[in-house]
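# compute the structure for the input listed below.
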Amino acid sequence: MADKVEKTPATPEQIARKRAVKLIGYHAWLTEWKRANPEADNEARKAAWVEVKGQRLRDARRVVRRLEKAGLTVAPAPEAIAAE
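Now for the predicted structure:
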């Protein structure tokens with residue numbers, strides 16, 4: 001059997017970047033979805049998010065990467081680091 005490879009723990013910067021990707025992807029989608037479905041309930045919203053989550057997070061990673069190439073970075077707030 002293959003030996004288990006230990007993963008290195010994520011740095012605060014990596015955690016912040018991942019959180020930013022999730023927030024950008026979800027809230028960009030949610031704004032569009034609410035406009036198109038003003039009467040929909042929470043169950044419909046959750047089901048719709050499951051369907052598009054992969055593509056929307058991929059798009060958000062591209063946005064974050066473009067921002068980083070332009071010189072903008074996603075950095076955690078000092079109080080967020082202290083809370084961990």
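# and the helices in the protein?
Taking DSSP state H as the criterion, the chain contains helices spanning 12-36, 42-69, 78-83.
# okay, those helices, which one's buried deepest?
helix 12-36 (a mean of 15; mean count of other CB atoms under 10 Å). For glycine as for every other residue, the C-beta is placed from the backbone atoms N, C-alpha and C.
# average pLDDT for that one?
Rounded to a whole number, the mean pLDDT of helix 12-36 is 92.
# so how far is it off the chain centroid?
Mean-position distance between helix 12-36 and its chain equals 5 Å (CA atoms, centre = their mean, to the nearest Å).
# what residue is smack in the middle of this protein?
Closest residue to the average C-alpha location of the chain: residue 22 at 1.2 Å, with CA atoms, centre = their mean.
# ok, that one - contacts?
57, 60 (CB atoms under 8 Å, 6 or more residues apart in numbering).
# I'd like to know how far it sits from residue 5.
Distance of residue 22 to residue 5, given as CB to CB, to the nearest Å: 26 Å.
# now residue 79
Residue 79 is 33 Å from residue 5, by CB to CB.
# same deal with residue 46?
34 Å.
# ditto for residue 18
Distance, residue 18 to residue 5, by CB to CB: 20 Å.
# what does residue 26 give?
Distance from residue 26 to residue 5, by CB to CB: 31 Å.
# test my guess that residue 21 contacts residue 57.
Yes. If you go by CB atoms under 8 Å, residue 21 and residue 57 touch, sitting 6.1 Å apart.
# who's in contact with residue 59?
25, 28.
# and residue 10, how close does it get to residue 28?
Taken as CB to CB, the span from residue 10 to residue 28 is 24 Å.
# cool, residue 18 as well?
With CB to CB as the criterion, residue 18 and residue 28 are 16 Å apart.
# residue 9 too?
Distance from residue 9 to residue 28, by CB to CB: 29 Å.
# and if you look at residue 68?
For residue 68, the distance to residue 28 - CB to CB - is 18 Å.
# having no further points to raise, I will conclude here.
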